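Undergrad: 3D, please:
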Amino acid sequence: MKNKNKSKLINLIYFIPAIFWMLVIFYFSSLTGSQSSEQSNPIVQSILLTLNLNNSFTHLLIILVRKSAHIFEYFILFLLLFFGFTRIEDLKNPVIISSVLTIVYACLDEFHQFFIPNRSAEILDILIDCIGILIGILLIYLIKIIKKSF
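TA: Sure thing, here's the model as predicted:
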């Protein structure tokens, strides 16, 4: 029985990066609309300057930067959960479990944003988060294919 408890504790350790990343996502989701804009506006301005674009592209770039952040956040979360679940023995499909948990967290994140000033809960954002999951799944299967060929 003692070894089983030790095994559960070791398995939990593999999820610490995912839990930490969830806290990072929660932090950014807790920012008000203006605070969130303060985070993305310098990136947008840097892109405008680097590509020598005029300000007519600002609105489009704001959307692209913010939605890319969604994709990145949930791509990382999916991979961290997948890493944790692959360490558990006899687990049938860590890809599905990681995907479902990441989608659930995305839904909870959007629900949380509903209560933040100048933020909203958007189903579209959940779908965009799913793009990050799909990229993660494609990466996993691409790595498996490459490993098999060598």
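Undergrad: Tell me the confidence at Gly16?
TA: No, residue 16 isn't Gly; it's Ile. With respect to pLDDT, Ile16 scores 96.
Undergrad: and the gap between it and Met22?
TA: Noted for Ile16: a distance of 11 Å to Met22, by Cβ to Cβ, to the nearest Å. Placement of C-beta: from N, CA and C, glycine included.
Undergrad: next SSE after the helix or strand harbouring Ser40?
TA: Here Ser40, judged by DSSP states H and E, is contained in helix 33-50. Going down the chain from helix 33-50, the next helix or strand is helix 58-86, by DSSP H and E.
Undergrad: State the mean pLDDT of whatever helix or strand comes next after that following helix.
TA: Where DSSP H and E defines the elements, the next helix or strand beyond helix 58-86 is helix 94-113. Taken as a whole, helix 94-113 has a mean pLDDT of 97.
Undergrad: Quick check: buried residues in the helix or strand just after helix 94-113?
TA: Once the chain leaves helix 94-113, the next helix or strand it forms, by DSSP H and E, is helix 123-149. Across helix 123-149, burial judged by 16 or more other Cβ atoms under 10 Å covers Asp125, Ile126, Ile128, Asp129, Cys130, Gly132, Ile133, Ile135, Gly136, Ile137, Ile140.
Undergrad: got those as TSV, with distance to Ser30 and pLDDT columns?
TA: As requested, those are arranged in TSV below (distance: Cβ to Cβ, whole Å; pLDDT from 0 to 100):
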residue	distance to Ser30	pLDDT
Asp125	15	96
Ile126	18	97
Ile128	19	97
Asp129	17	98
Cys130	22	98
Gly132	20	98
Ile133	22	98
Ile135	25	98
Gly136	24	98
Ile137	28	98
Ile140	30	97
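Undergrad: Lovely, talk soon.
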